[in-house]
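>>> Structure for this input, please:
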Amino acid sequence: MTRQTDVLVIGGGATGAGIARDLAVRGVDVTLVDRDGLSAGASGRSHGLLHSGARYAESDPEGALECLEENRILRDIAGECLRETRGLFVQLREDDPAVFEAKRTACEELGIPIEVVDGKTARAAVPGLADAVERAMWVPDGVVLPSRLVAANAADARDHGARIYPHAPVTEMTVENGRIASVTLGGDVDDTIEPTYVVNAAGAHAGAVAELAGISVEMRPTRGVMISVEYDGLEPVLNRCRDPADGDIIVPHDGEVVLGTTSVPVDDPDEYERSDWEVEQTVTECAAMLPSVAEADHVRTWWGVRPLYEPEEAAQGGRGISRGFHRLDHATDGVENFVSIVGGKLTTYRAMAEAAADLVCDRLGVDAACSTTETQLLGATRPSKLDAFVDEFDGQGPTDSDLVSRRGM
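Numbering: from 1, shown residues only. Reported below is the predicted structural model:
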């Protein structure tokens, strides 16, 4: 039997789940599909940083401001999907002080709250910090638990009438008269859907999904390794204040810290090499900030693939130094009822969802404004409820597997 839906959203990461929630809250009939369970891609395999914007302040001021604004919104609506930690950018003895000064100036100009302290003060605040830290800068970074965040968005969408299929890979699209007429799903659904509109939120796989409709979306996926090691008592996120490089971030968890990351281009976001040198280099570089992690026991190691958009990366010189998002209306490519939302960061997922939902509502003639800036996520204040959602949607990723219980309520 063929199913109908107003909007089919392809991709069950933060952006796709956020789009489903935004549209469902506006009264749109939505179906959300993924192939491997929610959070199976970049969202659930990230380092889980809630960006303040400071990381991109010099290279991408517009993107930095997006991060700052969304950081503030998420602190209001996401509850126990976040951890309040703050962040500290540290300058080591060997680092170029001009980079620190440029970041401080850029943050001040953008209105990102900062506090500069000397090395002694930083070490007093963060026990175990390297003696080589000459000065540091406090910023309002935090930590995201992506499994909870994605599942809460999906549950909210479901409670507003959306259908969520975590194991329903898209296998085929039929385009007729300049429109996607039908989409074939496998897995648990094994059926055909006839959508009025289709949103491609498939992250690093956005190019492959678009190709099914005869559309070219150029992605430049890059892999990065994350290593979780035993370490108790780190409060802030630590960032190395230098030009982007391997091993320049440490994210605190309870009893562990996550060390990251590398940036290596891959041809296939599903099949790629996992290299020992990436692990070794990341640990070595992170130990320059927090020396004892060099000898800490490894708990788990995983790789994620960044969904970078090729035209922006080519313009910016690579390594994701600009992580803005792009809404690609494929009506200009000859497929009227199709849009891709690409690029971006976990921190800006809600803004990406709003941008996509605004376009869809315009095309469907839906006169309803976005309300996700002020409406708290379903279950946001109840960790056990959030973890039950994670279990319901098979949404556990390695990023937060030590912090998110699968026991439900």
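>>> Next, give phi and psi for Arg274.
Per-residue torsions, Arg274: phi -110, psi 110 (degrees, to the nearest 10).
>>> That one: neighbour count?
For Arg274, the neighbour count with other Cβ atoms under 10 Å is 11. All C-beta atoms are positioned from the backbone trio N, CA, C, and that covers glycine.
>>> for Arg93, same thing?
Residues near Arg93, counting by other Cβ under 10 Å, number 11.
>>> Would you mind measuring from Pro146 to Ser228?
Distance of Pro146 to Ser228, given as Cβ to Cβ, to the nearest Å: 14 Å.
>>> okay, the two: which has more neighbours?
In this view Pro146 and Ser228 are compared by other Cβ under 10 Å, and Pro146 has more residues nearby, 29 against 26.
>>> Contact partners for that one?
Going by Cβ atoms under 8 Å, 6 or more residues apart in numbering, Pro146 touches 14, 39, 43-44, 46, 48, 346, 397, 399-400.
>>> is Ile250 in a bridge, and if so with what?
Ile250 has these beta-bridge partners by DSSP bridges: Leu238, Leu259.
>>> I'd guessed it sits against Leu234; true?
Yes. If you go by Cβ atoms under 8 Å, Ile250 and Leu234 touch, sitting 7.1 Å apart.
>>> Common neighbours of these two, please.
By Cβ under 8 Å, 6+ apart, Ile250 and Leu234 have these common neighbours: 257, 290.
>>> what about those two, which has more around it?
Of the pair Ile250 and Leu234, Ile250 is the one with more neighbours under other Cβ under 10 Å, namely 25 against 22.
>>> For that one, list the residues it contacts.
Applying Cβ under 8 Å, 6+ apart, we find Ile250 in contact with 234, 237-238, 257-260, 286, 289-290, 293.
>>> Switch those over to TSV; also include distance to Pro97 and pLDDT.
Below are the contacts of Ile250 laid out as TSV (distance: Cβ to Cβ, whole Å; pLDDT from 0 to 100):
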residue	distance to Pro97	pLDDT
Leu234	25	97
Val237	22	98
Leu238	18	98
Val257	26	98
Val258	28	98
Leu259	25	98
Gly260	24	95
Cys286	21	98
Met289	16	98
Leu290	21	98
Val293	25	98
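>>> where are the low-confidence patches of this protein?
313-323, 406-409 (pLDDT under 70).
>>> Domain boundaries for it, per the record?
Listed domain ranges for the chain are 2-43+146-219+321-400, 87-139+222-306 (source: automatic domain parsing).
>>> Tell me which of the ones you listed sits nearest to Pro61.
Among those, the nearest to Pro61 by Cβ to Cβ is domain 87-139+222-306 (6.0 Å).
>>> Tell me where the stretch 51-200 of the chain has helices.
Secondary structure of the stretch 51-200 of the chain (DSSP state H, counting those that start in this stretch): helices at 61-77, 97-110, 119-125, 146-159.
>>> Could you say which of those helices is packed most deeply?
Greatest average neighbour count among those goes to helix 146-159 (a mean of 28), per mean count of other Cβ atoms under 10 Å.
>>> which one of the helices of the stretch 51-200 of the chain lies closest to Cys370?
Checking these against Cys370 by Cβ to Cβ gives helix 61-77 as the closest, at 11.3 Å.
>>> what packs against that closest one?
Counting contacts by 3 or more Cβ pairs under 8 Å, 6 or more residues apart in numbering; DSSP states H and E, helix 61-77 is packed against helix 97-110, strand 142-144, helix 349-364.
>>> can you redo those as CSV with distance to Asn177?
Below are the helices and strands packed on helix 61-77 laid out as CSV (distance: least, Cβ to Cβ, whole Å):
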stretch, distance to Asn177
helix 97-110, 47
strand 142-144, 42
helix 349-364, 16
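>>> Of those, which is nearest Gly186?
Across these, Gly186 has its closest neighbour in helix 349-364 (24.2 Å, Cβ to Cβ).
>>> Can you list the buried residues in that closest one?
Buried residues in helix 349-364, counted by 16 or more other Cβ atoms under 10 Å: 349-361, 363-364.
>>> got the angle for that helix vs helix 146-159?
Put simply, helix 349-364 runs at 30 degrees to helix 146-159, going by axes from the mean of the first three to the mean of the last three Cα atoms, to 10 degrees.
>>> How far away from the center of its chain is helix 349-364?
Chain-centre distance of helix 349-364: 17 Å, with Cα atoms, centre = their mean, to the nearest Å.
>>> which element follows that helix toward the C-terminus?
Sequence order places helix 383-392 as the next helix or strand after helix 349-364, per DSSP states H and E.
>>> Tell me what angle that following helix forms with helix 146-159.
If you take the same axes, to 10 degrees, helix 383-392 sits at 80 degrees to helix 146-159.
>>> packing partners for helix 383-392?
If you count contacts as 3+ Cβ pairs under 8 Å, 6+ apart, helix 383-392 packs onto helix 146-159.
>>> quick one, the helix it packs on and helix 61-77 angle?
70 degrees.
>>> Distance from the chain centre to helix 146-159, please.
Relative to the centre of its chain, helix 146-159 is centred 14 Å away, using Cα atoms, centre = their mean.
>>> for stretch 178-186, same thing?
Relative to the mean C-alpha coordinate of its chain, stretch 178-186 is positioned 27 Å out (Cα atoms, centre = their mean).
>>> likewise stretch 371-381?
Stretch 371-381 has its C-alpha centroid displaced from the chain centroid by 18 Å (Cα atoms, centre = their mean).
>>> Contact partners for Thr399?
Applying Cβ under 8 Å, 6+ apart to Thr399 gives the contacts 44-48, 145-147, 226, 258, 302.
>>> again, but for Leu23
Taking Cβ under 8 Å, 6+ apart as the test, what Leu23 contacts is 7, 9, 30, 157, 162, 357, 360-361.
>>> And for Arg363?
So Arg363 contacts 197, 337 (Cβ under 8 Å, 6+ apart).
>>> so which of the helices and strands packed on helix 61-77 gets nearest Glu69?
Closest approach to Glu69 among those (Cβ to Cβ): helix 349-364, 7.5 Å.
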